[in-house]
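**Q** I would like to see how this sequence folds:
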Amino acid sequence: MADFCLVSRRALNEQEHRIFRYHFLLGADWKLCCRKLNMDRGNFFHAVYSIEQKLGRTFAELEPYPLYPLRDYFSGTIHRQALPLSA
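**A** Numbering: from 1, shown residues only. So this is what the prediction gives:
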């Protein structure tokens, strides 16, 4: 998670990172983001698509190990043992 946030911070400019933080990390919908960032809907979605493209490329080309696809980055297998039910 820290790698994801740090790489995003370095790859985006200040305005893009604010949009990224509100929309992607904090989960705010587009209406709240537009109100908070003083943007109209069209410019907001244009910025979101630009951020997705920029970060997708950055995550895929990161050296020595890419962060994309995330399922491969977080591919550790979790083994859980079943606990006996107590009576």
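**Q** which element is N43 on?
**A** Following DSSP states H and E, one finds N43 within helix 41-61.
**Q** list the buried ones in that helix?
**A** For helix 41-61, burial by neighbour count (16 or more other Cβ atoms under 10 Å) applies to 44, 47-48, 51, 54-55, 58-59. Where you see a C-beta, it was placed from the backbone N, CA and C, and this is true even at glycine.
**Q** for L32, state which of the residues you listed is nearest.
**A** Taking Cβ to Cβ as the measure, L32 lies nearest F44 of those, at 10.5 Å.
**Q** contacts only, for the closest residue to that closest one other than its chain neighbours.
**A** Excluding its sequence neighbours, the residue lying closest to F44 (Cβ to Cβ, 6 or more residues apart in numbering) is C34, at 5.1 Å. Contact analysis of C34 by Cβ atoms under 8 Å, 6 or more residues apart in numbering lists 40-41, 44.
**Q** quick one: the strand or helix carrying C34 to helix 41-61, angle?
**A** Assigned by DSSP H and E, C34 falls within helix 30-37. Using axes from the mean of the first three to the mean of the last three Cα atoms, to 10 degrees, the inter-axis angle of helix 30-37 relative to helix 41-61 is 100 degrees.
**Q** buried residues in helix 30-37, which are they?
**A** By neighbour count with 16+ other Cβ under 10 Å, helix 30-37 contains the buried residues 33-34, 37.
**Q** one more: stretch 14-31?
**A** Using 16+ other Cβ under 10 Å as the test for burial, stretch 14-31 gives 16-17, 19-23, 28.
**Q** list the contacts for the most centrally placed residue in the chain?
**A** For the chain, F24 is the residue whose C-alpha lies nearest the centre (Cα atoms, centre = their mean; 5.5 Å). F24 makes contact with I51 under the criterion Cβ under 8 Å, 6+ apart.
**Q** ditto for K54
**A** K54 makes contacts with 11-12, 16, as judged by Cβ under 8 Å, 6+ apart.
**Q** including distance to F4 and pLDDT, could these go into a markdown table?
**A** As requested, these are exported to a markdown table (distance: Cβ to Cβ, whole Å; pLDDT from 0 to 100):
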| residue | distance to F4 | pLDDT |
| --- | --- | --- |
| A11 | 11 | 94 |
| L12 | 12 | 96 |
| E16 | 15 | 96 |
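**Q** many thanks, I have nothing further to ask.
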